[in-house]
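Asks: Provided below are the primary sequence and the corresponding predicted coordinates.
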Amino acid sequence: MDKDFTFTVKSIRFDENYRPSDNTRITTNFANLARGEQRKENLRNTLRMIDNRFNALADWDNPKGDRYAVELDIISVEMAVDAACGDSALPLIEILKTTVVDKRSGERIEGVAGNNFSSYVRDYDFSVVLKEHNRDRKEFSVPSDFGVLHGSLFKAFVNSDTYKTYFKKPPVICISVSSNKTYHRTENHHPVLGVEYVQQEHSLTDDYFGKMGMKVRYFMPPGSVAPLAFYFMGDLLGDYTTLELISTISTMDTFQKIYRPEIYNANSAAGKAYQPSLNQQDYSLTRIVYDREERSQLATEQGRFVEEHFIKPYRHILEQWSANFAL
């Protein structure tokens, strides 16, 4: 698919000195954490939480709980439509890449690509298309082609030579479970991913990731209080090493405690039947400042941005390409 689209990958280290670049999606969670007077303290505390969580899960041959550190790189993917865009490129996707540092041996171990996931086109789909589709409807519904273009773009990137140059394995994306669904605990237990939960029907987000070519499983890792949704393309349990899985869990469990403390920093763990709620009050706050309301407002702005600069100018090209891609 590289002959249709040109993908460019840019990387910036997410550490206590991280400052969002001018063209970074301002709704990106990392950018939200890295602003204001407490930016360095925010970032330092976040990274410390990730390292502590990693060492708690990777506790073998690790008596002091300080053997490992996790390095994070923010991967920004830009895309140009060769025939139409010329030199301009749309910031398409941002994901995280983990690297595990074994401080005892000095070894650097490649982690997982994906983890967090943000996308301009997804902002457009959820904050513009879905809202406008349901504006005058009495019952909520989803357009028949909802997420198809975004899914095709994502699969084109993952299947591209550009992706394979930078990453050895398909991405794993780990996000919050849906607050609209009830999850049921099973007897299946993985030593690192923890206990598996299932639900009767997919959420809108599950279906959206399905159009990206990703399946979903829900696990509550040891020490967590709620299941996480893991989206993947192959065999989640078989394709990734223990340390790779721990790098994802430690990173995203930490971010979810910051982003959604009502669920992931709750004072009691999920039971056999569990429905997440952002309205429950029995939870603890981290010391890390995160503006969830601002992020929600900015998602709409950026959805409008991609509509004006990408969807409308190249609608015909995109629709034709997406139809051919799906064949």
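Replies: Arrived safely, thanks for sending.

Asks: and residue 195, which of the three is it?
Replies: strand (DSSP: H, G, I helix; E, B strand; the rest coil).

Asks: which residues does it contact?
Replies: Each residue near residue 195 by C-beta atoms under 8 Å, 6 or more residues apart in numbering is listed here: 185, 186, 188, 189, 219, 220, 227. Glycine gets a C-beta too; all of them are placed from N, C-alpha and C.

Asks: which of the residues you listed has the largest number of neighbours?
Replies: Neighbour counts for the contacts of residue 195 (other C-beta atoms under 10 Å) peak at residue 227, which has 27 neighbours.

Asks: about what we covered before: with pLDDT, distance to residue 264 and secondary structure added, can I get the contacts of residue 195 in CSV?
Replies: Shown next, in CSV, are these (pLDDT from 0 to 100; distance: C-beta to C-beta, whole Å; DSSP: H, G, I helix; E, B strand; the rest coil):
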residue, pLDDT, distance to residue 264, secondary structure
185, 98, 17, strand
186, 98, 20, strand
188, 98, 21, strand
189, 97, 20, strand
219, 98, 13, strand
220, 98, 10, strand
227, 98, 10, coil
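
Asks: what is the nearest of the residues you listed to residue 71?
Replies: The closest of these to residue 71 turns out to be residue 219 (C-beta to C-beta; 23.9 Å).

Asks: what residues are bridge-paired with that closest one?
Replies: Beta-bridge partners for residue 219, by DSSP bridges, are residue 196, residue 228.

Asks: so it makes contact with residue 196?
Replies: Yes. Between residue 219 and residue 196 there is a contact at 5.4 Å, judged by C-beta atoms under 8 Å.

Asks: overlap in contacts, these two.
Replies: Taking C-beta under 8 Å, 6+ apart as the criterion, residue 219 and residue 196 both touch residue 190.

Asks: my guess is residue 210 contacts residue 203, does it?
Replies: No. Residue 210 sits out of contact with residue 203 when judged by C-beta under 8 Å, with a separation of 10.4 Å.
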